[in-house]
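Novice: Sequence plus the predicted model coming up.
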Amino acid sequence: MSDLKEARTLIGAAERDRSALRGMHDSNVFADEIFGFHVQQAAEKLLKAWLALLGEVYPLTHDLDLLLDLLQKRAFDTARFRNL
């Protein structure tokens with residue numbers, strides 16, 4: 001069963017990461033690692049939201065490849081997201 005509430009929560013959290021990224025345009029203030037962390041977090045949360053919508057119980061992981069593998073097992077083409 002799809003977990004719409006969980007997916008909405010994750011999407012909201014990803015949007016907050018994306019909002020933070022918009023404010024990090026000055027590389028003299030924000031290190032690449034901080035910017036990259038928020039990019040990774042947003043991507044992770046969106047992949048988990050996708051899994052939640054499919055009714056999948058996703059693992060507590062930061063491994064984007066693992067999350068993409070779970071989606072691929074559900075017959076989704078994840079090739080375009082592999083560079084995340």
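Specialist: Thanks, I have it.
Novice: CA only for contacts and neighbour counts going forward, please
Specialist: OK.
Novice: Look up how far T9 lies from D63.
Specialist: 20 Å (Cα to Cα, to the nearest Å).
Novice: Excluding chain neighbours, what is closest to D65?
Specialist: Leaving aside its chain neighbours, D65 sits nearest to R82 (7.1 Å; criterion: Cα to Cα, 6 or more residues apart in numbering).
Novice: Got phi/psi on L4?
Specialist: phi -60, psi -40 (degrees, to the nearest 10).
Novice: Touching, it and A52? I think so.
Specialist: Yes. Between L4 and A52 a contact is recorded at 7.1 Å, counting by Cα atoms under 8 Å.
Novice: neighbour-wise, which of the two wins?
Specialist: More crowded of L4 and A52, by other Cα atoms under 10 Å: A52, with 21 against 15.
Novice: Is that one within a helix or a strand, and which one?
Specialist: Per DSSP states H and E: A52 is located in helix 32-53.
Novice: Distance from the chain centre to that helix, please.
Specialist: The gap between where helix 32-53 is centred and where its chain is centred comes out at 3 Å by Cα atoms, centre = their mean, to the nearest Å.
Novice: I am finished for the moment; much appreciated.
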